[in-house]
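> Here's a sequence, model it:
(chains A and B)
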Amino acid sequence: MSRSAEPLLSVKSLFVDYVTSHGRVRAVRDVSFEVNRGEVFALVGESGCGKSTTALALMRLVPQPGHVSAGHIMFQGTNLTELSERQITLVRGKQIGMIFQNPLIALNPVYSSGWQVEEAVLLDNVSRQEAWRRAFDIMGSVKIPDREERMQSYPHELSGGMRQRVMIGMMISRAPELLIADEPTTSLDVTIQAQILDLLMDLKARNNMSLLIITHDFGIVADIADRVGVMYAGSLVEQADVFSIFESPRHPYTRLLMRALPTGTKTEGRLETIKGSVPSLTEVPAGCSFNPRCPLAQDICIQERPPEREVAPGHSVRCHFSAE
Amino acid sequence: MTSFLKTAMQNKMFLVGSLIFLTVVIAAVFAAKIAPFPYDQINVLNALKPPGEGYLLGTDQYGRDIFSRLVFGSQIAIRIGVMVVAIEVTLGVALGLMAGYYGGRVDTFLSFMTDVTWALPPIVLSLAIVTALGPSLNNVVISTAIISWPGIARMVRAKTQSIKNMSYVEAARALGESDLSIMYRYILPNTLGIVIVLTTLSLPGAILSTTGLSFLGLGSQSPDPDWGVILSEGMNYIGVAPWMSIFPGIALVWTAMGFNLMGEGLRDILDPRLRT
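Residues are numbered from 1 along each chain as shown, chains lettered A, B, ... in the order given. Below you'll find the predicted structure:
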C-alpha cells in the first residue's frame, strides 16, 4: 500500500444482516474498501449482490429488519457506525449525499422542484432568500434550462432526466465531500445517461467531491471510475484500479464478467454467459461463494473462504488461486 | 386548481352537498338577520301555535318561534361540529402519523387504544365521559372527540405506512432531515387528501352525536336553541304540537346529509389523485 493521504472513507470488515422469519440473511459479508479524496470508486455487481445495501449502510439507512452487525465505517476520522441517531443526521446530506436509483419517485410529489432544493439548503439554517438564491445557483450548476420556470414545476411535470438533475441538485446543495450514486442512470435512456454522468463528473471536479457509484454497467465503470470493487453474493471479490480490472482481472468471476460483455466489434457468435445463477442470500454456498459456478473450483474452495490477498499494489482479490 | 374546480363542478354529489352546506352556513352567519324573533323571546299567548299564522314553523310551549330557534341553533351545530372535528382531526392525524411512522411499540400502543375505543359502544362511552366530567357543552365536545379520533388515526396510520417507504422519504432521510420534519413536510402533505375527506365526513357524525347528548340533557341546556334541546322539549308535546320535533329533526337530517354528500363527492374527486 503506497497511499500518501488518509482516505476520505474507509470501510473495514463490514457485515450487514437482515433478520427475517427464515433466519439471518447476510447481505454484506466482510467488505472492506477505501475511497480517496477526489476519487471515483465504483461498486459493480449483479442485482442482489449487496452493493446497494453497502451504500445504505454507509448512510446508516439500511431498512428494517437489517442492521450493520460488524465492521467500521471511518469517514474523515469518525466511525459512522458509532454515531448516535442525531449525529448521523448531521452527516447525512452535509458530508455524504446520496442519489437514488429511480428519480421518478425520489422527489416529493406535493412540492415544486425549487422548493425541494430550497428545503435541502435550509437544513443549513440560512434565510429563505438566501436559500432561494442558492437553490437558483444549484439549478444552474446541474444545468437545468429555464431555471426560474422549472423551479415552479412539480415533479410530475418534469422528465426523468430533469428529475434526476433536481435530485442531484438537492444532494449536492450542501456540498458533501462524498456523493453516493446508486445506479443513477438505470431508469434513464442512453443519451440522458451520458449527460447525467457528465454532470456528475463536472460537479465532482468543481466541488472536489469523491464519488461512490453503484452500478452493474461496465460501460459506466470504464467511463468514469478510478477504482473498482466487484461484488458477488455479499462479498467484495476483487478490487483494483479501473485499468487492472479491465486489463488483468484476477478473480474468475471478474474474468467471466469481462468475457460476457458485448463488444461493439463482434458481430457473430453467441454472447458468453456465466453458467448458473446468483445464489439466494439465504443459501450462499460454504467456502468461496462463487465455487458452484467457478471453472477453477477445487475442494479447498468448498471448504474454506478465501482471504483477501493483495496481488499487486492496490489490487486485491478474494480467491484461492489468485496467484495464477 | 382550475382543473379541480372543473371536476368538482361535474360531481353532482359534491355540488348538491356544498349547496346544502352553504344554506346552513348562511343561516348560521346571518342568523340575527334571518330570524324574525330572538331565539329566547317568550310569548305565552302564542304558545304551541302551528306553522303559519305569523310563525313560519310554529311556536313551542312558551310561544318561542321555532324557525328563529332553528336558525340560531345552526350556529351551535356548526360551532360544536367544527370544535369536535378540530380536536378529533388533530389527535387522529398526530397519533396516526406517529403510529405509522415509528411502528413498533408506539404503533402497538396506539392501535391498542383505538381498538379499546372501538370496542365500546360510542354513545355509552361518551355518556360515561360526560357524566364523569359533568354535563356541559364543552364536555360534550371533549367526549365526542375522544370517541371519534381512532377512525382518523387508523386511516392516517395506514397511509403513513405506505408513504414512509416511498423513495422520496428515503431521499429526505439521506438529506439529513429529522424524523419530525419528515413527518411534517414529507408525509403529512401527502396524506392531506384523505384527511380533508375524513374531516368532511366526520362533521355530520360529530353534529349528530353532540345533538344526541344535548337531547339526553347532557349538553346544551334550555333555553339555548340547540337542535337536540329543541327536539327533546318537543318530545313532550309530540301529540299536540308535532312541528316542535319534526322541524329540528329535518334541520339535522338536512345538515348531516349535506356534509355527507359533500364528503362523498370530495372523496370521488380526490381519489384518482390519491392513487398516483
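> buried residues in the longest helix along chain B?
Criterion DSSP state H: the longest helix present in chain B is helix B:66-102. Buried positions in helix B:66-102, judged by neighbour count with 16 or more other Cβ atoms under 10 Å in any protein chain shown: B:66-78, B:80-81, B:83-85, B:87-89, B:91-101. For every residue, glycine as well, the C-beta is placed using N, CA and C.
> Stretch A:226-245 now?
Those buried within stretch A:226-245 under the rule 16+ other Cβ under 10 Å are A:226-242, A:244-245.
> What's the first helix or strand after the longest helix of chain B?
helix B:104-119 (DSSP states H and E).
> quick one: average pLDDT of that following helix?
For helix B:104-119, the mean pLDDT works out to 89.
> filter the buried residues of stretch A:226-245 down to the ones near chain B?
Contacts with chain B within the buried residues of stretch A:226-245, counted by Cβ under 8 Å from any Cβ of the partner chain: none were found.
> Now go through the residues you listed and say which are in helices.
The helices, defined by DSSP H, take in A:Val242, A:Ser244, A:Ile245 from the buried residues of stretch A:226-245.
> Give the burial count for whichever residue of chain A sits closest to chain B, as a bare number.
Across chain A, no residue is closer to chain B than A:Gly93, which sits at 3.4 Å (Cβ to the nearest Cβ). Look at A:Gly93: counted by other Cβ atoms under 10 Å in any protein chain shown, it has 26 neighbours.
> ok, for B:Met83, nearest residue in space, not its chain neighbours?
B:Val141 (4.9 Å; Cβ to Cβ, 6 or more residues apart in numbering or on different chains).
> That should have said A:Val230, apologies.
A:Glu238 (4.6 Å).
> Equivalent analysis for B:Ala241, please.
That would be B:Leu48: by Cβ to Cβ, 6+ apart, it lies 4.7 Å from B:Ala241.
> wouldn't the one you found be in contact with B:Tyr55 here?
No. Counting by Cβ atoms under 8 Å, B:Leu48 sits too far from B:Tyr55 to count as a contact (10.3 Å).
> Look at those two and report which has more neighbours.
Taking other Cβ under 10 Å, B:Leu48 and B:Tyr55 do not tie; B:Tyr55 has more neighbours (22 against 15).
> Quick check: phi and psi on the more buried one?
Reported as degrees, to the nearest 10, the phi and psi values for B:Tyr55 are phi -120, psi 110.
> And it, how close does it get to chain A?
B:Tyr55 is 52 Å from chain A, where distance means Cβ to the nearest Cβ, to the nearest Å.
> and that residue, what are its bridge partners?
Beta-bridge partners for B:Tyr55, by DSSP bridges, are B:Gly52.
> dump the residue contacts of it.
B:Tyr55 is in contact with B:Asn46, B:Lys49, B:Asp65, B:Ile66, B:Phe67, counting by Cβ atoms under 8 Å, 6 or more residues apart in numbering or on different chains.
> So for the second one, what's the nearest residue that isn't a sequence neighbour?
Ranked by Cβ to Cβ, 6+ apart and with sequence neighbours excluded, the top spatial neighbour of B:Lys49 is B:Thr59, at 4.5 Å.
> same for the strand or helix carrying A:Ile138, what does it pack against?
Taking DSSP H and E as the criterion, A:Ile138 maps to helix A:128-141. Packing partners of helix A:128-141 (3 or more Cβ pairs under 8 Å, 6 or more residues apart in numbering or on different chains; DSSP states H and E): helix A:113-122, helix A:147-150, helix A:160-172.
> For it, report the contacting residues that lie outside it.
With Cβ under 8 Å, 6+ apart as the criterion, helix A:128-141 contacts A:114, A:117-118, A:121-122, A:126, A:147-148, A:150-151, A:166, A:169, A:172-173, A:203, A:206.
> and the angle for it with helix A:160-172?
130 degrees (axes from the mean of the first three to the mean of the last three Cα atoms, to 10 degrees).
> relative to helix A:113-122, how tilted is helix A:128-141?
110 degrees.
> in helix A:128-141, what counts as buried?
For helix A:128-141, by 16+ other Cβ under 10 Å, it's A:Ala131, A:Trp132, A:Arg134, A:Ala135, A:Phe136, A:Ile138, A:Met139, A:Ser141.
> Export those residues as JSON lines, with columns for pLDDT.
JSON lines is the format used below for the buried residues of helix A:128-141 (pLDDT from 0 to 100):
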{"residue": "A:Ala131", "pLDDT": "92"}
{"residue": "A:Trp132", "pLDDT": "91"}
{"residue": "A:Arg134", "pLDDT": "91"}
{"residue": "A:Ala135", "pLDDT": "92"}
{"residue": "A:Phe136", "pLDDT": "92"}
{"residue": "A:Ile138", "pLDDT": "91"}
{"residue": "A:Met139", "pLDDT": "91"}
{"residue": "A:Ser141", "pLDDT": "87"}
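> re earlier: which residues sit in contact with the nearest residue to the residue of chain A closest to chain B once chain neighbours are set aside?
Spatially, and ignoring its direct neighbours in sequence, A:Gly93 is nearest to B:Gly176 (3.4 Å; Cβ to Cβ, 6+ apart). Listed by Cβ under 8 Å, 6+ apart, the contact set of B:Gly176 reads A:Thr89, A:Leu90, A:Val91, A:Arg92, A:Gly93, A:Lys94, A:Leu123, A:Arg174.
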